[in-house]
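Peer 1: Pasted the sequence and its predicted model underneath.
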Amino acid sequence: QVQLVESGGGLVQAGGSLRLSCAASGRTFSTYAMGWFRQAPGKNREFVAAISRSGGSTYSPDSVKGRFTISRDNAKSTVYLQMNNLTPEDTAVYYCAAKWVPRATIPINQYEYEYWGQGTQVTVSS
């Protein structure tokens, strides 16, 4: 079992930055690929970024590429999402998720992930 707790959300003006953190406890963090997803009101949950278990590989969709950066610190059992140049369209609840993987894969489908945090609200004002 893995427990995930997100933090770092809040209210920011357009063009601003936030860094989200997701602290994990439980099983060996370095055996899990980690992902960030978001869900805006009335919309489906959307993939934001994912990182391999070592941190050596990452992936993010074009909608956030160049603005959002995912990273991890296995010694601290924490994954981060650095978000720059935020726009009102980035307003959503952001969730981190974990999936045990036997190798350096990067799951991008939410249904592949086994564990989820409770989410943290990010609101970007115009």
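Peer 2: Thanks, I have it.
Peer 1: can you give me the mean pLDDT across the host helix or strand of Val79?
Peer 2: If you go by DSSP states H and E, Val79 is part of strand 78-83. The predicted model assigns strand 78-83 a mean pLDDT of 98.
Peer 1: List the contacts of the residue nearest in space to the middle of the chain.
Peer 2: Note on the chain: the residue nearest the mean C-alpha position is Trp36, at 2.3 Å, using C-alpha atoms, centre = their mean. Taking C-beta atoms under 8 Å, 6 or more residues apart in numbering, we find Trp36 in contact with 20, 22, 48-50, 68, 70, 79, 81, 94-97. Any C-beta I mention is one placed from the backbone N, CA and C, and that applies to glycine too.
Peer 1: if you skip the residues just before and after it, what's nearest to it?
Peer 2: Nearest residue to Trp36, sequence neighbours excluded (C-beta to C-beta, 6 or more residues apart in numbering): Val48, at 4.3 Å.
Peer 1: Pull up the pairing partners for the strand or helix carrying that neighbour, direction included.
Peer 2: Assigning secondary structure by DSSP H and E places Val48 in strand 46-51. Note on strand 46-51: by DSSP bridges, its sheet partners are strand 32-39 (antiparallel), strand 58-59 (antiparallel).
Peer 1: Quick check: buried residues in stretch 85-93?
Peer 2: If you call a residue buried by 16 or more other C-beta atoms under 10 Å, then stretch 85-93 has these buried ones: Leu86, Asp90, Thr91, Ala92, Val93.
Peer 1: And the pLDDT at Gln1?
Peer 2: 83.
Peer 1: for Ala50, that is, sorry about that
Peer 2: For Ala50, pLDDT reads 98.
Peer 1: Kindly report the same for Arg103.
Peer 2: We have a pLDDT of 85 for Arg103.
Peer 1: so it is in which element?
Peer 2: Counting by DSSP H and E, Arg103 is found in no helix or strand.
Peer 1: ok, the buried residues of stretch 85-93 vs Trp116, which is closest?
Peer 2: Val93 (11.3 Å; C-beta to C-beta).
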